[in-house]
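In: Pasting the sequence and the predicted model now:
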Amino acid sequence: MSNGSTKPLVVVTGVGPGTGSAVVRRFAAGGYRIAMLARDKTRLDALAAEIPSAAAIGCDVSDSAPLQRLLG
């Protein structure tokens, strides 16, 4: 896995300051690219600043229409 396009991608929803952030850090340590989804984009942006392979996406996953547009 030499570049970003060959690394596996994981989508982590509901990334909060505890378990969600720990899951993101673990996948990053394993060489994954991470799409982080949560309502609080400010918190996601701070986490993405620590983890270059992570992208912060503000999204309320309890609302299926925006989530489907995002993933579609």
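Out: On my side now, so go ahead. Numbers count the residues shown, from 1 in each chain.
In: From here on, just use CA atoms for contacts and neighbour counts.
Out: Fine.
In: How about the contacts made by residue 45?
Out: When the contact criterion is Cα atoms under 8 Å, 6 or more residues apart in numbering, the partners of residue 45 are residue 56.
In: and the most centrally placed residue in the chain, bridged to which residues?
Out: For the chain, residue 36 is the residue whose C-alpha lies nearest the centre (Cα atoms, centre = their mean; 1.6 Å). When bridges are taken as DSSP bridges, the partners of residue 36 come out as residue 12, residue 56.
In: How confident is the prediction for it, by pLDDT?
Out: Here the pLDDT value assigned to residue 36 is 97.
In: Same question for residue 1.
Out: 39.
In: hang on, the earlier thing: just checking, the residue nearest to the centre of the chain touches residue 57?
Out: Yes: contact between residue 36 and residue 57 holds when scored by Cα atoms under 8 Å: they sit 5.9 Å apart.
In: which residues are common contacts for these two?
Out: The overlap between the contact sets of residue 36 and residue 57 (Cα under 8 Å, 6+ apart) consists of residue 44.
In: what number of residues lie near residue 62?
Out: By the other Cα atoms under 10 Å criterion, the neighbourhood of residue 62 contains 10 residues.
In: For it, give me the pLDDT.
Out: In this model, residue 62 is scored at 88, pLDDT.
In: do the same with residue 13
Out: With respect to pLDDT, residue 13 has a value of 93.
In: Not counting its neighbours along the chain, what's nearest it?
Out: The shortest distance from residue 13 to any residue that is not its chain neighbour, by Cα to Cα, 6 or more residues apart in numbering, is 4.6 Å, and that residue is residue 37.
In: do the same with residue 47
Out: residue 21 (7.6 Å).
In: burial of the residue nearest to residue 13, as a residue count?
Out: If we define neighbours as other Cα under 10 Å, then residue 37 has 23 of them.
In: same check, this time on residue 18
Out: A count of neighbours around residue 18, defined by other Cα under 10 Å, yields 8.
In: same thing with the one 4 residues further on?
Out: The number of residues packed around residue 22, counting by other Cα under 10 Å, is 13.
In: sec struct for it, please.
Out: Here residue 22 takes the helix state, with states given by DSSP: H, G, I helix; E, B strand; the rest coil.
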